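Participant: Turn this into a model:
(chains A and B)
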2 protein chains.
Amino acid sequence: MPFELALGARNRKSPFFEATVAAGVTQFTVYNHMYMPTSYGDPAAEYRRLTEGVAMWDVSVERQVQLAGPDALALARILTPRNLDKLKPGQGRYVPICDHRGAILNDPVLLPLADDLVWLSIADSDMVLWARAIAAERGLDVTVSEPDVSPLAIQGPKAEEVVAGLFGEWVRELSYFGFRETELDGIALVVARSGWSKQGGFELYLRDGRCGTDLWNRVVEAGRGHDIGPGSPNPIERMESGLISIGADTDDETNPFELGLGRFVDVEQETDFIGKAALARIADEGRRRQFVGYRIDGPPLAAPAQHRWPLHAGGKPAGFVSSAGFSPRVDGGSNIGVGLVETGLAEEGTELACDSETGPRTAKVAYLPFATGGS
Amino acid sequence: MPFELALGARNRKSPFFEATVAAGVTQFTVYNHMYMPTSYGDPAAEYRRLTEGVAMWDVSVERQVQLAGPDALALARILTPRNLDKLKPGQGRYVPICDHRGAILNDPVLLPLADDLVWLSIADSDMVLWARAIAAERGLDVTVSEPDVSPLAIQGPKAEEVVAGLFGEWVRELSYFGFRETELDGIALVVARSGWSKQGGFELYLRDGRCGTDLWNRVVEAGRGHDIGPGSPNPIERMESGLISIGADTDDETNPFELGLGRFVDVEQETDFIGKAALARIADEGRRRQFVGYRIDGPPLAAPAQHRWPLHAGGKPAGFVSSAGFSPRVDGGSNIGVGLVETGLAEEGTELACDSETGPRTAKVAYLPFATGGS
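Facilitator: Numbering: from 1, shown residues only, chains lettered A, B, ... in the order given. The predicted structure is shown next:
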């Protein structure tokens, strides 16, 4: 039986909350101290819309950590192991953030709006506190804040048609993570080619929380001819695509190399970023675990995994499944999962014993992303 | 219609999760990236049990931030404006934590287990990141972690009977926030006189997550003669008692003086704690807002407020109600609330216009705690 979500002021409603209720939202999670829709009651239709049509997602929980001031870029360089030497205004970057031990804390998209203004569009951890602590302790001339900015994602193969209809043909020229500041009949926005799926799409960063319902309704209107509908970050599609969920796939020790993000770590650069020494050592010693996919046997999973499933090999701990569910597209219909596995067991096809919520199953290592046939 | 809570590995289940499901939990919130029970389906019975009998709460979401090493206490002193000169092992302290601007980030109970081992039993924000950033940037010899420790609260006027039955008569001698390391048939615990209510009670800090159900069942057994039952931190009782909920009552600018916590700020002490200069300035200039209670007119509120309600006076913003609900005890039955109000409007009885979820109401300022008649 499903559990009810308690609503109170400690966690916040999104500017799109009322619109999502009107659209029939049935289920939420909490992310960055805010409520995020996770279902409108028909998971199969929401998956189909994302993979074949176009869906709109309230992802205002992707809060922006704003770095403003002369040292904004200097702070960004200190926060991420990624080399930002060639950063250009208008072109976003995926930037892992690690602590001094090299453990990953978050994996935001960095949006350089100006030389003295940067946004980090974050996953689920209090990066505003982390960035503030570093800025203050180092005496940097930068103000760290969470501005009134709330992304609305438009995702799926038909997303570009909808967004071009709203803003014009120029959106087709945006590169991946490219963005532009603009407005829609007076509603201030940033439009970016981004989103937590591999189905293509855009995110509209609403810059005035009072206009949430207005923006939502304009997108609905623009999407009418393309059969747009509400949806949310999709647990099945993200596994197929091998996208990382910070906090689900990561623990207190996970480093970027384990997640396959080594290409975003430059320990040779001049900047003495946080975690540099630790990450250089890990690069040298090699990673202990790897982020992989799993094919999981047994009857189709009726719902996504509620918690991590431990993995064993020969009676010894081998890692975990952090997310699992039934993909209608992999192998024409298969249970799949993702998670961290010991490096020695990360070969494709390795069979592991898995303590699932519905009893013991076998998980077979698969490389990411999964092949999904048609797409 | 209530919304369903999505369950997945990004937020974690408590070690008591299975026991609370068996006990009939119906509703959860998310707090410190974990699920916390908020109702077992009968709010009136849960309130009565807390105020007249004894209730048990899964509050494992009160995560411990562990400071371990030679500089553990030095780090604690840097983190809080409270003077820790007279700290004694075995005696906890309520310690607000502020940022460099003097804004409050969290309000944990500090438990000094040894000279080189301190726990901060935290409210809902990522203090492990904050403490790690400060420790690393200052080069302190301390390891900051989140250990496998999960509090189970036993609250209410009959709590002492239950806890004495479990552990012995010595628990009656514990002072408020006093604690002792002990065990229960091999289950390692810390027993403290504490808890997020003013009804009296204890918290059992379970030190091995595998024993959650075992501990839960032992408490149920010990409480049988006292009519113990499941419950959770109670929104009505906390308002009556004037307890603070970080994140609900506070925003990005709230300082300890606004919350009435000035007695925990010592800007005269030698330690150069974080926020010292800012808090000295605020102490000098005076607080702009105050944490107060409200009596709210109109029909009884059927459920606690879902979000902040803005307050106005003479058409101008006056503050907000951060929590509201119906108290059966205040004035023999009254809608009450808490929140921040402009200092010029904080006089008892001041009438403010309030945008509630059920339309306009009048909120009248009341001093905290509320008088509850019999108790």
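Participant: Wait, residue A:311 touches residue A:337, no?
Facilitator: No - at 9.7 Å, residue A:311 does not count as touching residue A:337 under the criterion of CB atoms under 8 Å. The C-beta positions use only the backbone N, C-alpha and C, and glycine is treated the same way.
Participant: what's the overlap in contacts for those two?
Facilitator: Common contacts of residue A:311 and residue A:337 (CB atoms under 8 Å, 6 or more residues apart in numbering or on different chains): A:321, A:363.
Participant: Pick out whichever of the two has more residues nearby.
Facilitator: The residue with more neighbours, out of residue A:311 and residue A:337, is residue A:337; 27 against 24, by other CB atoms under 10 Å in any protein chain shown.
Participant: where in the stretch 151-300 of chain A is pLDDT low?
Facilitator: Within the stretch 151-300 of chain A, not a single segment meets pLDDT under 70.
Participant: List, one by one, the residues from it near chain B.
Facilitator: On the criterion CB under 8 Å from any CB of the partner chain, chain B has as its neighbours in the stretch 151-300 of chain A the residues A:235, A:245, A:246, A:247, A:248, A:249, A:252, A:274.
Participant: now with 7 Å?
Facilitator: Residues of the stretch 151-300 of chain A lying near chain B by CB under 7 Å from any CB of the partner chain: A:235, A:245, A:247, A:248, A:252.
Participant: neighbours around the second one, how many?
Facilitator: Meaning residue A:245. Neighbours of residue A:245 under the rule other CB under 10 Å: 21.
Participant: residues contacting it?
Facilitator: A:238, A:323, B:10 (CB atoms under 7 Å, 6 or more residues apart in numbering or on different chains).
Participant: which non-adjacent residue is nearest residue A:226?
Facilitator: Leaving aside its sequence neighbours, residue A:226 sits nearest to residue A:158 (CB to CB, 6 or more residues apart in numbering or on different chains; 4.7 Å).
Participant: Next, residue A:319: secondary structure please.
Facilitator: Under DSSP: H, G, I helix; E, B strand; the rest coil, residue A:319 falls in the strand class.
Participant: So what pairs up with it in the strands?
Facilitator: Assessed by DSSP bridges, residue A:319 has beta-bridge partners residue A:311, residue A:341.
Participant: Check the one 4 residues further on too.
Facilitator: Per DSSP bridges, the residues bridged to residue A:323 are residue A:338.
Participant: any idea how far the most centrally placed residue in chain A lies from residue A:62?
Facilitator: By CA atoms, centre = their mean, chain A has its centre lying nearest to residue A:196, at 4.8 Å. Counting by CB to CB, to the nearest Å, the separation of residue A:196 from residue A:62 is 8 Å.
Participant: for chain A, what spans make up the helices?
Facilitator: A:17-22, A:43-52, A:72-79, A:127-137, A:159-167, A:212-223, A:235-241, A:276-285 (DSSP state H).
Participant: TSV for these, including mean neighbour count?
Facilitator: Listed next are the helices of chain A as TSV, based on neighbours: other CB atoms under 10 Å in any protein chain shown:
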stretch	mean neighbour count
helix A:17-22	18
helix A:43-52	19
helix A:72-79	22
helix A:127-137	22
helix A:159-167	21
helix A:212-223	19
helix A:235-241	23
helix A:276-285	16
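Participant: can you list the residues of the stretch 1-150 of chain A near chain B?
Facilitator: A:2-11, A:13, A:25-30, A:33, A:38, A:99-100, A:105, A:124-126, A:129-130, A:132-134, A:136-137, A:146.
Participant: Can you tell me which of the residues you listed are buried?
Facilitator: Buried members of the residues of the stretch 1-150 of chain A next to chain B, scored by 16 or more other CB atoms under 10 Å in any protein chain shown, are A:3-11, A:13, A:25-30, A:33, A:38, A:99, A:105, A:124-126, A:129-130, A:132-134, A:136, A:146.
Participant: Where strands are concerned, which of these count?
Facilitator: A:4, A:5, A:27, A:28, A:29, A:30, A:38, A:105 (DSSP state E).
Participant: Contact partners for the last one?
Facilitator: Spelled out, that is residue A:105. A:97, A:98, A:99, A:125, A:130, B:129.
Participant: Identify, from these, the entry nearest to residue A:79.
Facilitator: residue A:97 (5.3 Å; CB to CB).
Participant: Beta-bridge partners for the closest one, please?
Facilitator: So, taking DSSP bridges as the rule, residue A:97 has residue A:106 as bridge partners.
Participant: hang on, the earlier thing: enumerate every residue touching the residue nearest to residue A:226.
Facilitator: Contact analysis of residue A:158 by CB under 7 Å, 6+ apart lists A:53, A:54, A:226.
Participant: could you redo the last one with a cut-off of 10 Å?
Facilitator: By CB atoms under 10 Å, 6 or more residues apart in numbering or on different chains, residue A:158 lies in contact with A:49, A:52-55, A:199-201, A:223, A:225-228.
Participant: Can you give me the separation between it and chain B?
Facilitator: 26 Å (CB to the nearest CB, to the nearest Å).
Participant: Outline the domain layout of chain A.
Facilitator: Domains of chain A are assigned by automatic domain parsing as A:17-63+A:149-238, A:239-366.
Participant: Need the winner for burial among the ones you listed.
Facilitator: For the domains of chain A, average neighbour numbers computed from mean count of other CB atoms under 10 Å in any protein chain shown are highest in domain A:17-63+A:149-238, which has a mean of 20.
Participant: quick revisit: report the two of the contacts of residue A:158 separated the most.
Facilitator: Farthest-apart pair in the contacts of residue A:158 is A:199 and A:225; separation 18.8 Å (CB to CB).
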